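> model this:
(one chain, ligands or ions: 1)
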Amino acid sequence: MHILHVVGARPNLMKVAPVLSALRQYPKIKQSLVHTGQHYDTNMSDVFFEQLAIPAPDVNLGVGSGSHARQTADIMTRFEPVVLERKPDLVLVYGDVNSTVAAALVCSKLLIQVGHVEAGLRSFDRAMPEEINRLVTDQLADLLFTPSDDGDKNLAREGIPAKKIHNVGNVMIDSLVRLLPAAINQKLNGLPSRYVLVTLHRPANVDDDNVLKVILGYLLELNSQLKVVFPVHPRTRQRIAAFGIDVSQLDLREPLPYIEFLALQRRATVVITDSGGIQEETTYLKVPCLTLRNNTERPVTVTMGTNILVGQDGTTLRAELGKILQGKQKQGTVPPLWDGHAGERIAAILSKL
Ligand code: UD1
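A predicted model of the protein is given here:
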């Protein structure tokens, strides 16, 4: 059997790594890897291949950046001939980025089986491009691998037959578990014992200058109390420059490699983010997480984990941060099957096809 994996953006890479590795235990399965090139900077892609020990892609579609329609269409146009030539039996797509939905669309029209890793997550907010990608991909997929029970329920509600759904746990946590020892050994030079780690890249937070100014204004105010360490996503860096906002007082960094970022996360007093994956990673690490969104497609991080949704206006953020700084942070537990073995469960299911 030939399984072809498709990745495109940074958050796909920590998800594909454990599945690739687990499938290597089955010699009858041939694997290949296509990178769409949605993310192309060294520090958004290459460095993750290295640290996560992902083999070099067999094909790079080199699509780069563009509007949603253009990027999705470019991936589809360039991916179709690759699939026709390589004739995989199954294509695995990951997460909720434009590369995920584009590859799923191409395969379903060519009658090639699609497996979706990280299926069933819903924010119920269709203003998020990722929500559209999740809804469409799950309708097209033949095999749906969910990270938590809420995913199974969402899919059932959308009419997906139970036999297609497999609750396997969280593949992203597999990568975390594997590289945590390396992160523990990582030296954090020049950082105080208490600091805030920030990431920000959602269009809803960074593309509107008023919203971005309010968030950054709050971070500047916070920085006088507690050092703010902020690895800046390329989209956010562009917006900060375009809106002419002065953030030179913050400890701004380039996007960080996986191990370095994990090292910063595990020692942070609190993480402030709008990322999806970081809500999960902080839950596993039991580090307080304040998410700058009104909803999340990862509700177990709130119901079981350390995550709190604080919206965008700064009021709830201030209140929750006050509690954390007084040592009264929310306690959490790790959701079931977030144990470092999700990739193996996926491989075991695929090996029986
Ligand atoms: C994408 C995903 C998002 C994910 C995020 C993680 C979609 C719809 N969104 O958002 O779900 O959380 O990746 O990072 O697929 N850029 C660079 N270098 C790169 C990549 C991007 O400079 O290597 C810049 C480009 O100018 C681009 C902008 O960042 O226009 C945004 O990139 P894009 O891939 O469109 O979406 P992300 O915001 O990264």
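
> ok, which stretches of the stretch 101-250 of the chain are helices?
Under the criterion DSSP state H, counting those that start in this stretch, the stretch 101-250 of the chain carries helices at the ranges 129-140, 149-157, 171-184, 203-206, 209-223, 234-243.

> what sits up against the fifth one?
Contact with helix 209-223 is made by 196, 198, 200, 204-206, 228, 230, 239-240, 243, 245, 247, 249-250, 272, 292, 312-314, 317-318, 321, as judged by C-beta atoms under 8 Å, 6 or more residues apart in numbering. Yep, even glycine has a C-beta here, placed from its N, CA and C like the rest.

> now do the buried residues in that helix.
By neighbour count with 16 or more other C-beta atoms under 10 Å, helix 209-223 contains the buried residues Val211, Leu212, Ile215, Leu216, Tyr218, Leu219, Leu220, Leu222, Asn223.

> separation between the third one and the ligand?
The spacing between Ile215 and the ligand, counted by C-beta to the nearest ligand atom, to the nearest Å, is 16 Å.

> just the first one next, same as before
Taking C-beta to the nearest ligand atom as the measure, Val211 falls 15 Å from the ligand.

> swap in the second one?
In this structure, Leu212 lies at 14 Å from the ligand, with C-beta to the nearest ligand atom as the measure.

> same question, Val83
20 Å.

> contact partners of the strand or helix carrying that residue?
In the assignment (DSSP states H and E), Val83 maps to helix 68-86. Helix 68-86 has contacts (C-beta under 8 Å, 6+ apart) with 2, 4, 6, 8, 32, 34, 36, 38, 59, 61-66, 91, 98-99, 101-103, 105-107, 110, 112, 129.

> so what's the residue of the stretch 201-350 of the chain found nearest the ligand up against?
Across the stretch 201-350 of the chain, no residue is closer to the ligand than Pro234, which sits at 3.2 Å (C-beta to the nearest ligand atom). The contact partners of Pro234, by C-beta under 8 Å, 6+ apart, come to Asp41, Met44, Pro255.

> now the contacts of helix 209-223: which count as buried?
Applying 16+ other C-beta under 10 Å to the contacts of helix 209-223 flags 196, 198, 200, 205-206, 228, 230, 239-240, 247, 250, 272, 292, 312, 314, 317, 321 as buried.

> just the ones of those in strands?
Among the buried ones among the contacts of helix 209-223, DSSP state E puts Val196, Val198, Val228, Phe230, Ile272 in strands.

> got the contact list for the second one?
In other words, Val198. Leu219, Val228, Val229, Phe230, Val271, Ile272, Thr273.

> list the contacts of the last one.
Shown here is Thr273, whose contacts under the criterion C-beta under 8 Å, 6+ apart are Leu197, Val198, Thr199, Leu200, Gln279, Thr282, Cys289, Leu290, Thr291, Leu292.

> model confidence at it, what's the number?
At Thr273, the pLDDT value in this model is 98.

> now the first one
In the prediction, the pLDDT value recorded for Leu219 is 95.

> returning to that earlier point: now the element after the helix holding Val83, going C-ward?
Assigned by DSSP H and E, the successor of helix 68-86 is strand 90-94.

> how near is Thr306 to Ala119?
According to C-beta to C-beta, to the nearest Å, Thr306 and Ala119 sit 24 Å apart.

> what does Lys352 give?
Lys352 is 18 Å from Ala119, by C-beta to C-beta.

> how's the protein carved up into domains?
Using automatic domain parsing, the domain ranges for the chain come out as 2-170+338-351, 182-325.

> distance between the ends of the longest one?
Okay, so that is domain 2-170+338-351. End-to-end distance for domain 2-170+338-351: 11 Å, by C-alpha to C-alpha, to the nearest Å.

> circling back: now the helices of the stretch 101-250 of the chain as CSV including distance to Ala348?
Converted to CSV, the helices of the stretch 101-250 of the chain look like this (distance: least, C-beta to C-beta, whole Å):
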stretch, distance to Ala348
helix 129-140, 22
helix 149-157, 18
helix 171-184, 13
helix 203-206, 38
helix 209-223, 43
helix 234-243, 37
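
> go through those and name the closest to Glu260.
helix 171-184 (8.0 Å; C-beta to C-beta).

> got the angle for the closest one vs strand 90-94?
Per axes from the mean of the first three to the mean of the last three C-alpha atoms, to 10 degrees, the angle that helix 171-184 makes with strand 90-94 is 60 degrees.
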